[in-house]
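Asks: only geometry, no sequence info:
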């Protein structure tokens, strides 16, 4: 007899007991994210047929051109989260400031969400994988009132859950609640996420490095030396490594999570603090990486220990297999800036 796969909904309910303070709110919250992901996936799959490709003609707070699907995904996730009573506020890469839900339904809500609703959206036009990244925290401000900036500026170590969705050849939702990492693949025939990758772990080392080498001239000396190290012939260490860079953080991270590797977006002369956002991109994936046995740092310090000072703060980023991240850190310490 063929065993029926576990659905995401069943899995979430089954694991609810892992939270001593749980009252079902986190379960409902993850359900909202699951629903929004399916709606966004539907729109992405018909993007070439509908008028949702291309740019909006507006820029986000980072000065980046907003794509139509960026805005659509942002509105879809915010709408799904607002419809439930578990979230008192949302911080999104697409919005200048955080959004509070301060009506009666949300006044006693326990959680806030930080998200990048559509990572890598510039790849949509050429049919390359994109994704969604999300992070969940318990509010620290008193309940009964609106969320405050303090709720959003928590270190990544305070996350209660984090995850991402990859909209690729298949659609996968991967998440952790601090008890390991599990991946679910969307079965399009029935519209249900099914457990396909239980207890995901990243190999201790790998043979893939992911970095935009077009910016090589702008990199720190330690990063340049590490790239050359990756390219050198060393049969015992399986070098040279393979260079793979999609330009979609979620897709690059997902591949390296499965196969082993390192993703790097360092600081440089073009991006003094790096390009990636600490709250919307770096913290959630760092939490997942550590839960899967990997590592994430800014080249010197653990990402999850960084105390945020602003919503759209950027940091250099080194994430992936432990031994590869540690080796990159060694090069930075030896050769510096």
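Replies: Okay, I see it. Note that the coordinates shown come from a computational prediction; the quantities given were computed from them, not determined experimentally.

Asks: what's the domain layout of this protein?
Replies: 8-197, 208-335 (automatic domain parsing).

Asks: so what's the most centrally placed residue in the chain up against?
Replies: Nearest to the geometric centre of the chain sits residue 133, at 3.5 Å (Cα atoms, centre = their mean). Shown in contact with residue 133 (Cβ atoms under 8 Å, 6 or more residues apart in numbering): 115-116, 119, 163-164, 249-250, 280-281, 284-285. Using the backbone N, CA and C atoms, a C-beta is placed for each residue, glycine as well.

Asks: pick the one among these closest to residue 303.
Replies: Checking those against residue 303 by Cβ to Cβ gives residue 285 as the nearest, at 8.7 Å.

Asks: that closest one: how many residues sit nearby?
Replies: Residue 285 is flanked by 31 other residues according to other Cβ atoms under 10 Å.

Asks: so it is in which element?
Replies: Residue 285 belongs to helix 283-291 when assigned by DSSP states H and E.

Asks: could you point out which element follows that helix?
Replies: strand 295-297.

Asks: how about the strands in the stretch 51-200 of the chain?
Replies: Secondary structure of the stretch 51-200 of the chain (DSSP state E, counting those that start in this stretch): strands located at 55-59, 65-67, 87-92, 99-100, 111-119, 130-138, 161-167, 171-176, 181-187, 192-197.

Asks: for those strands, give me JSON lines that also has distance to residue 44.
Replies: Below are the strands of the stretch 51-200 of the chain laid out as JSON lines (distance: least, Cβ to Cβ, whole Å):
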{"stretch": "strand 55-59", "distance to residue 44": "16"}
{"stretch": "strand 65-67", "distance to residue 44": "11"}
{"stretch": "strand 87-92", "distance to residue 44": "18"}
{"stretch": "strand 99-100", "distance to residue 44": "23"}
{"stretch": "strand 111-119", "distance to residue 44": "8"}
{"stretch": "strand 130-138", "distance to residue 44": "7"}
{"stretch": "strand 161-167", "distance to residue 44": "5"}
{"stretch": "strand 171-176", "distance to residue 44": "9"}
{"stretch": "strand 181-187", "distance to residue 44": "12"}
{"stretch": "strand 192-197", "distance to residue 44": "16"}
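
Asks: could the ones you listed be laid out in CSV, adding distance to residue 297 and mean pLDDT?
Replies: Output for these, formatted as CSV (distance: least, Cβ to Cβ, whole Å; pLDDT from 0 to 100):
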stretch, distance to residue 297, mean pLDDT
strand 55-59, 30, 47
strand 65-67, 30, 56
strand 87-92, 23, 93
strand 99-100, 30, 92
strand 111-119, 20, 94
strand 130-138, 18, 95
strand 161-167, 17, 96
strand 171-176, 18, 96
strand 181-187, 19, 96
strand 192-197, 25, 95
